[in-house]
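Trainee: Here's a sequence, model it:
(one chain, ligands or ions: 1)
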Amino acid sequence: MAPVDYVMTIDSDDEVSEPVVKTGKSSKRGEPEDAQLNPDLAFDLSGDPYTDLLFEAEAAPDVIQSGTKPVPISVDDIIAKRRLQRTVGKRKRGIEDEDESLDSEYSNADDEEEDKEDDGGSSSGEDLGHDAASDEEDQSSASDDESHSDGEDEDDEGVAFSEGSSSADDSDSETRAEKARKDAFFAPADDAAEKHSSFLTMNLSRPILKSLTTLGFQTPTPIQAATIPVALLGKDVVGNAVTGSGKTAAFIIPMIERLLYRDKGKKAAATRCLVLVPTRELAAQCYDVGKKLSAHTDIQITLIVGGLSLKSQESALRARPDIVIATPGRLIDHLRNSPSFTLDALDVLVLDEADRMLSEGFHDELTEIIKSCPPSRQTMLFSATMTDSVDELVKLSLNKPVRLFVDPKRSTARGLIQEFVRVRARKESERSALLVALCKRTFKSGVIIFLRSKKLAHQMRIVFGLLGMSCEELHGDLSQEQRLKALQHFRDGAVDFLMATDLASRGLDIKGINTVINYDMPGQLAQYLHRVGRTARAGKKGRSVTLVGESDRKLLKAAIKHAAAEDQVRHRTVSSEIVSKWADKLESMKDDIAAVLRDEIEEKQLRRAEMELTKGQNMIEHEEEIYSRPARTWFQTSKDKQKAEAVSKAQHEAGHGPSKNSIEAKDATKPKRDKFSGLSRKAKRRKLALEEDENSNDRKAVDAAIRSVKKASKPARIGEPEKRDSKRSNASQKRRKSKSSGKPSGAFERDMGQRSAGGEGVRAKRGDVIGGMKKGGKRKGKGK
Ligand SMILES: Nc1ncnc2c1ncn2[C@@H]1O[C@H](COP(=O)(O)OP(=O)(O)OP(=O)(O)O)[C@@H](O)[C@H]1O
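Mentor: Numbering: from 1, shown residues only. Here you go, the predicted model:
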């Protein structure tokens, strides 16, 4: 691979005090424990959350979708075939298996290294800041503090990450004016946050206590102890604590407790709580925690994420579940297109991993969703890392929130050992060999490897597969089913390695991740913290290993700077001789890798042809049904979405500085194309609908009409939420007034106006120009 592939790489790893116990493919991995958070807890609960989802996805397929989705290709099969061909070929030529000889060489080297670690209590380390001569000193006295000074000996200019990316840090250097501003904005925490060392003193209902016992949660984690009492009062909350500290239960427990006091009966059914998370996997995990915590109640929870059947989600939403756990994009889709779904009765809104949602370009979606919620709701916002844009979101959506920052000086979990491996500029081309060497000899199971791109993750999976290392991949190029299956395999311990992009860096709670390897240094410190936070969770120990290239030094310094004094930060060296051998080995595998990729492409083309055929047959068989479906409207075209994503990413990476120019400059270099060129039929329809929506100019009026019609049938609220700031409701009233001025006054008139403008309520016919107004038509029907 070209050296450029390896420019941005960072890995961190943590050394576990107990050896990794590997008990076979399907067994759970051994996990070292920490006394701090009750080491006896059995977090792994019966059943896998993903199995249900897989079945659910398979159980209710859309008519169009059924048969048109290509059956996923098994890369494993292709790799196995290639390995077999190679072995047979070698046997024929009388060549012995090089893999085996390399492996045994590595095993020996590994033993040596592990001996060293045992003796010295630290890994062999290469000083990232000095040359080889000084390395020995570091090794002999590799205390954490020294590691710190290593990083800080160097010029500290440019360590910009600390300020831009962590509010925890901000709080240290806060000026008086900033403090005053924050005091005015946030409610004081101490009045509500009594110290609770047990769930029993929190006045929680029996069904919840029962679930907590089943889950093995004996004592609340610090963020739970701080959040639950405040949240039970209905106050808005901004919560921040390190990864793996139990934030999910911190917001789900009070939510369930409040729901126990809701009005019951069919008429009172309404969606009262909404949890928004950035990724589908995280949503599934959150759903699972919710299900388990509400197991002894009649509370209904629904998962609304992209990639799973729209139809089954629509029918689940029709039942008005008490809690909806969703990713923003799919939720907006339902808000716009599922007639019976509304957020008008919402009492609690949770924004989990808020900074990731913003950096992924969900800003507009979040704003739209927040606008659809009643102002009187309670809002809780959580993240392990806070950014300036989160501050803005807080201002936009929270009302006098209580700021609950647990241990703000700590950015990583206590049990995490962070290791860094230097990759010299001239050795960049050996980065993948370095990774293989680390995984062959030291980190052999329960390893999640983060890579910069989907392509790289896939290629590395092929490399590992060809080397006989059991591996899965997790990134956005896979179908939702493939993503869930890969996660499930890794969770079960059926595979030892998971090649992932940052899709997996947030929130995923997988038992038995012993090691996180950062093949690529992420662009942001926050990203690094989330990645390494996949291990050492809930009081366990874990290790991160980060490969650090020359260009990653700034971030390395930031990571070291953020480590608390008692944190273990180490350097690791890998014998260059061994790395070179693996580099040669990988070089000799190039043809096989290319052949696997080629076979995959051929398979894909074949599947696509089959898919087109089935699609054609489906269109013939179900023509009437397909064309009688109302057209869906979209919040953004995929191009808009991509653009928003690029802007947010650039802002995020530039520490939220203005990045508009760079985006615009980038756009300017792109070749000019017809606005519909390259779009699928569906995408064209979407674009047309949106344009028409915008042109009609009174979409807002229609939305307001829909909201007011929905509000009329709004059920009563749960509990008594904290009295809202009158300012906010006044402001929103004013907003509404100004919105409606100059427009038809009543909802009906507005609907009528809309109908004439956009042909609302008319079913789509073949050849029709599809307008964005259809959605209004549907809602109007519902309102009646
Ligand atoms: N009170 C508790 N006692 C013991 N274990 C707990 C408790 N609360 C949560 N856990 C466990 O801690 C682990 C991490 O929890 P969770 O995923 O909610 O962390 P998080 O803070 O949201 O992490 P991230 O920032 O990475 O999303 C889970 O395995 C969960 O079961």
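Trainee: All the helices of the stretch 501-650 of the chain, in order from the start?
Mentor: Using DSSP state H, counting those that start in this stretch, the helices of the stretch 501-650 of the chain run over 525-532, 553-562, 576-588, 590-621, 623-628, 638-653.
Trainee: make that the stretch 301-450 of the chain, sorry
Mentor: 310-318, 328-337, 354-359, 363-372, 388-397, 431-441.
Trainee: Take those helices and write them to a markdown table, including mean neighbour count.
Mentor: (Each C-beta comes from the backbone N, C-alpha and C, glycine too.) As requested, these are exported to a markdown table (neighbours: other Cβ atoms under 10 Å):
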| stretch | mean neighbour count |
| --- | --- |
| helix 310-318 | 18 |
| helix 328-337 | 22 |
| helix 354-359 | 26 |
| helix 363-372 | 19 |
| helix 388-397 | 18 |
| helix 431-441 | 25 |
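Trainee: right, and those helices - which one's nearest the ligand?
Mentor: Comparing the helices of the stretch 301-450 of the chain against the ligand with Cβ to the nearest ligand atom, the closest turns out to be helix 354-359 (9.8 Å).
Trainee: Pull the closest one out as CSV, backbone CA atoms only.
Mentor: Backbone C-alpha positions of helix 354-359 (Å, rounded to 0.1, in the frame of the first residue of the first chain) are rendered in CSV as follows:
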residue,chain,number,x,y,z
ALA,A,354,-24.4,14.8,21.3
ASP,A,355,-21.0,15.9,20.0
ARG,A,356,-20.8,13.0,17.6
MET,A,357,-24.3,13.7,16.2
LEU,A,358,-23.2,17.3,15.5
SER,A,359,-19.9,16.3,13.9
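Trainee: Can that helix be said to contact the ligand?
Mentor: No: judged by Cβ under 6 Å from any ligand atom, helix 354-359 and the ligand are separated, with a smallest distance of 9.8 Å.
Trainee: pLDDT averaged over that helix, what's the number?
Mentor: In this model, helix 354-359 carries a mean pLDDT of 82.
Trainee: Can you get me the start-to-end distance on stretch 381-388?
Mentor: One end of stretch 381-388 sits 14 Å from the other (Cα to Cα, to the nearest Å).
Trainee: That stretch and the ligand in contact?
Mentor: Yes: part of stretch 381-388 sits near the ligand under the criterion Cβ under 6 Å from any ligand atom, namely residue 384.
Trainee: which outside residues touch that stretch?
Mentor: 164-168, 237-243, 245, 247, 250-251, 350-356, 358-359, 390, 393-394, 397-398, 401, 411, 525-526, 529-530, 533, 652, 655-656 (Cβ atoms under 8 Å, 6 or more residues apart in numbering).
Trainee: Quick check: PyMOL command selecting the buried ones in these.
Mentor: Listed next is the PyMOL selection for buried residues among these, using 16 or more other Cβ atoms under 10 Å:
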select buried, resi 164+165+166+167+168+237+238+239+240+241+242+243+245+247+250+251+350+351+352+353+354+355+356+358+359+390+393+394+397+398+401+411+525+526+529+530+533+652+656
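Trainee: Near the ligand, which residues of the stretch 251-400 of the chain are found?
Mentor: Checking the stretch 251-400 of the chain against the ligand by Cβ under 6 Å from any ligand atom, the hits are residue 384.
Trainee: Columns distance to residue 286 on top of the helices of the stretch 301-450 of the chain, output as CSV?
Mentor: Below are the helices of the stretch 301-450 of the chain laid out as CSV (distance: least, Cβ to Cβ, whole Å):
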stretch, distance to residue 286
helix 310-318, 16
helix 328-337, 13
helix 354-359, 13
helix 363-372, 16
helix 388-397, 19
helix 431-441, 30
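Trainee: quick revisit: export the helices of the stretch 501-650 of the chain as JSON lines, with columns for distance to the ligand and mean pLDDT.
Mentor: JSON lines is the format used below for these (distance: least, Cβ to the nearest ligand atom, whole Å; pLDDT from 0 to 100):
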{"stretch": "helix 525-532", "distance to the ligand": "7", "mean pLDDT": "90"}
{"stretch": "helix 553-562", "distance to the ligand": "16", "mean pLDDT": "87"}
{"stretch": "helix 576-588", "distance to the ligand": "32", "mean pLDDT": "93"}
{"stretch": "helix 590-621", "distance to the ligand": "33", "mean pLDDT": "86"}
{"stretch": "helix 623-628", "distance to the ligand": "40", "mean pLDDT": "74"}
{"stretch": "helix 638-653", "distance to the ligand": "17", "mean pLDDT": "64"}
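Trainee: Could you single out the most deeply buried of those helices?
Mentor: Highest mean neighbour count among the helices of the stretch 501-650 of the chain (mean count of other Cβ atoms under 10 Å): helix 525-532, with a mean of 27.
Trainee: Give me the residue ranges of this structure where confidence is low.
Mentor: Applying pLDDT under 70 to the chain flags residues 1-73, 89-186, 188-194, 565, 629-682, 684-685, 689-784.
Trainee: residues in it within reach of the ligand, list them.
Mentor: Within the chain, the positions adjacent to the ligand are 37-38, 41, 43, 217, 220-221, 224, 241, 243-249, 384, 507, 509, 533, 537-538 by Cβ under 6 Å from any ligand atom.
Trainee: Which among those count as buried?
Mentor: The neighbour count (16+ other Cβ under 10 Å) marks 37, 41, 217, 220-221, 224, 241, 243-249, 384, 507, 509, 533, 537-538 as buried among those.
Trainee: Hey, what's the angle from the helix or strand hosting residue 291 to helix 328-337? Just curious.
Mentor: Assigned by DSSP states H and E, residue 291 falls within helix 280-293. When axes from the mean of the first three to the mean of the last three Cα atoms, to 10 degrees is applied, the directions of helix 280-293 and helix 328-337 differ by 80 degrees.
Trainee: got a list of contacts for helix 280-293?
Mentor: 45, 49-50, 53, 208, 211-212, 214-215, 248-249, 252-253, 256, 275, 277, 301, 303-308, 323, 325-327, 352-353, 474, 480, 483-484, 487, 503-504, 506-509.
Trainee: please redo it, this time with the cut-off set to 7 Å
Mentor: Residues outside helix 280-293 that contact it (Cβ atoms under 7 Å, 6 or more residues apart in numbering) are 45, 49-50, 53, 208, 211, 215, 248-249, 252-253, 256, 275, 277, 301, 303, 305-307, 323, 325-327, 352-353, 480, 483, 487, 504, 506-509.
Trainee: Tell me which entries of those residues lie within strands.
Mentor: Among the contacts of helix 280-293, the members falling in strands are 275, 301, 303, 323, 325-326, 352 (criterion: DSSP state E).
Trainee: out of the residues you listed, who has the most neighbours?
Mentor: When neighbours are counted by other Cβ atoms under 10 Å, residue 325 leads the ones in strands among the contacts of helix 280-293 with 29 neighbours.
Trainee: Now do the same contact list for it.
Mentor: 275, 283, 286-287, 290, 301, 303 are the contacts of residue 325 under Cβ under 7 Å, 6+ apart.
Trainee: List the contacts of residue 237.
Mentor: 227, 230-231, 380, 401-402, 404.
Trainee: Of the residues you listed, just say which sits nearest to the ligand.
Mentor: Using Cβ to the nearest ligand atom, residue 227 is the member of the contacts of residue 237 that lies nearest the ligand, at 10.9 Å.
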